[in-house]
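**Q** Could you look at this predicted model? Sequence included:
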Amino acid sequence: MAPHKHRANEVAVLMPFYNAASTLGETLDTIQGQTLSNFTLIAVDDGSNDNSATIVRQRMQHDPRIQLLQPGRQGVVGAMNSALAHCRSPTVARMDADDLMEPERLEKQLGFLKENPEIDLVGSRVSLFPEELILEGFYEYIRWQNSCITPEQIAHNIYVELPIAHPSVMFRRKVVMDAGGYRDGDFPEDYELLLRLHQRGHQMAKLPETLLHWRDSGERLTRTDGRYRREAFDIIRAHYLAQDPRLKQGRPLVFWGAGRKTRKRIAHLLQHGHRSSAWIDIDPNKIGNTIDGTRVVAPEWLAQEEKPFVLSYVSNHGARELIAKDLRAMGYVEGKDYLMVG
């Protein structure tokens, strides 16, 4: 069924869905209940075989802001690109069919983008639910993610992990379209898009309010799809990090972390032709050894006038904060002299 044509509103909410009948009604309630009323919801049915599309059609009968696209099974990337190509609104909000919005989400994010024309994408803090399903590691990740608010914090942490929950984002449509839209491949499409926008010089920010409630479940793509496995994050991260101008300025490159798991992640960057002038570690059993002919030294080695550029790959709980403190004490500036890497 061809979608009914509507006048383009200032904001389009893009929501792909697949067999989401059990959660879709609650999600739609929070979208339709927004304090910003002049938006369009583009719901993309990604080949559902339950009654999800029927639920959307029922809402369409009473709400002309809702449009339904049914291009067939494409996957989330194809569904999002279909929605982007269809919509005419200058500003786009992303939403998943099992999450919940706070009533003021769209109004606050649109207001922020209007007041800050230098920002091209804005997210928000998120909360997790239902509590009984959330694992401790996921809570820690969200605690970290919710601490990345300013454009500087997001830029400094872009190589650690996905710093913004993608269902919370609102962005300028032209920016994403000019960057090529969403890309399909053996990588997490949301992280790849943010890395690509960062590479192109676009600034991203986050509202400090919790405006999205992120549902966890055993069926979530991040749990079931190989594109969201740990190594897929490592590979796409290394791809963009290798192209970062700070790694091409002629300064010696130093890796902090000489353990086996850390070296495995660093190997993805080394495959792009970068080489280390030293490895840093605090383990006395590693200090003095060599890795591919390069010395492992203690952190004190970094206290030198001609500072190398440091990539810290240590990901143990609390380690990043301690390493950053040590680097700052030696005069290193985050983003200028060092970066944390996941």
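**A** The structure has been received and is ready for your questions.
**Q** C-alpha from now on. contacts and neighbour counts both.
**A** Noted.
**Q** Show the subsequent helix or strand relative to the worst-scoring helix or strand of the chain on mean pLDDT.
**A** Lowest by mean pLDDT, DSSP states H and E among the helices and strands of the chain is helix 221-224, with a mean of 57. Remark: after helix 221-224, the chain's next helix or strand is helix 230-241, criterion DSSP states H and E.
**Q** Show me what that following helix is packed up against.
**A** Counting contacts by 3 or more C-alpha pairs under 8 Å, 6 or more residues apart in numbering; DSSP states H and E, helix 230-241 packs against helix 189-199, helix 260-270.
**Q** Which of these sits closest to Tyr240?
**A** helix 189-199 (6.7 Å; C-alpha to C-alpha).
**Q** got a list of contacts for that closest one?
**A** Helix 189-199 is contacted from outside by 77, 155, 158, 161-162, 166, 176, 179, 181-183, 203, 233, 236-237, 240, 244, using C-alpha atoms under 8 Å, 6 or more residues apart in numbering.
**Q** what mean pLDDT does it have?
**A** What helix 189-199 shows for mean pLDDT is 98.
**Q** swap in stretch 113-127?
**A** On average, stretch 113-127 scores 98.
**Q** Not counting its neighbours along the chain, what's nearest Leu28?
**A** Among residues not flanking Leu28 along the chain, Ala97 sits closest, at 7.9 Å (C-alpha to C-alpha, 6 or more residues apart in numbering).
**Q** does that neighbour count as helix, strand or coil?
**A** For Ala97, the assignment made with DSSP: H, G, I helix; E, B strand; the rest coil gives coil.
**Q** these two touch, right, it and Pro16?
**A** Yes. Here Ala97 reaches Pro16: they are 7.0 Å apart, a contact under C-alpha atoms under 8 Å.
**Q** First-to-last residue distance for stretch 176-183?
**A** 11 Å (C-alpha to C-alpha, to the nearest Å).
**Q** if we can go back for a sec, deepest-packed of the helices and strands packed on helix 230-241, please.
**A** helix 189-199 (a mean of 19; mean count of other C-alpha atoms under 10 Å).
**Q** all strands for the stretch 51-200 of the chain, in order.
**A** 66-69, 91-94, 100-101, 119-129, 170-172 (DSSP state E, counting those that start in this stretch).
**Q** ok so, going back, and the contacts of helix 189-199, which are buried?
**A** Buried subset of the contacts of helix 189-199 (neighbour count, 16 or more other C-alpha atoms under 10 Å): 77, 155, 158, 161-162, 166, 176, 181-183, 203, 233, 236-237, 240.
**Q** quick check, nearest of those to Leu113?
**A** Gln203 (11.2 Å).
**Q** Next one: the closest one from Gln70, what distance?
**A** In terms of C-alpha to C-alpha, Gln203 sits 33 Å off from Gln70.
**Q** now Arg200
**A** Look at Arg200 and Gln70: by C-alpha to C-alpha, they are 32 Å apart.
**Q** and these two? which has more neighbours close in?
**A** Neighbour count, other C-alpha atoms under 10 Å: between Arg200 and Gln70, Gln70 has more, with 18 against 11.
**Q** count of residues packed around the nearest residue to the more buried one once chain neighbours are set aside?
**A** Closest residue in space to Gln70, ignoring its immediate chain neighbours: Asp45 at 5.0 Å, by C-alpha to C-alpha, 6+ apart. Using other C-alpha under 10 Å, Asp45 has 26 neighbouring residues.
**Q** Likewise for the one 10 residues further on?
**A** Other residues lying near Ile55 total 15 when counted by other C-alpha under 10 Å.
**Q** what does the one 3 residues further on give?
**A** Counted with other C-alpha under 10 Å, residues neighbouring Gln58 total 10.
**Q** if I look at it, how far off is Gln67?
**A** 11 Å.
**Q** For Glu321, pull up the helix or strand it's in.
**A** Using DSSP H and E, Glu321 falls in helix 319-329.
**Q** So which elements touch that helix?
**A** Secondary elements touching helix 319-329 (3+ C-alpha pairs under 8 Å, 6+ apart): none.
**Q** quick one: contacts for the closest residue in space to His239 that isn't next to it in sequence?
**A** Leaving aside its chain neighbours, His239 sits nearest to Leu269 (7.1 Å; criterion: C-alpha to C-alpha, 6+ apart). With contact taken as C-alpha under 8 Å, 6+ apart, Leu269 is in contact with Ala238, His239, Leu241, Ala242.
**Q** what does Gly331 give?
**A** Counting by C-alpha under 8 Å, 6+ apart, Gly331 has no contacts.
**Q** Likewise for Ala97?
**A** Met15, Pro16, Phe17, Ala20, Thr23, Leu24, Thr27, Leu28.
**Q** And the pLDDT at it?
**A** 97.
**Q** Next, give me the two most distant ones among the buried ones among the contacts of helix 189-199.
**A** Pairwise over the buried ones among the contacts of helix 189-199, using C-alpha to C-alpha, the maximum falls at Val77 and Ala155, 24.0 Å.
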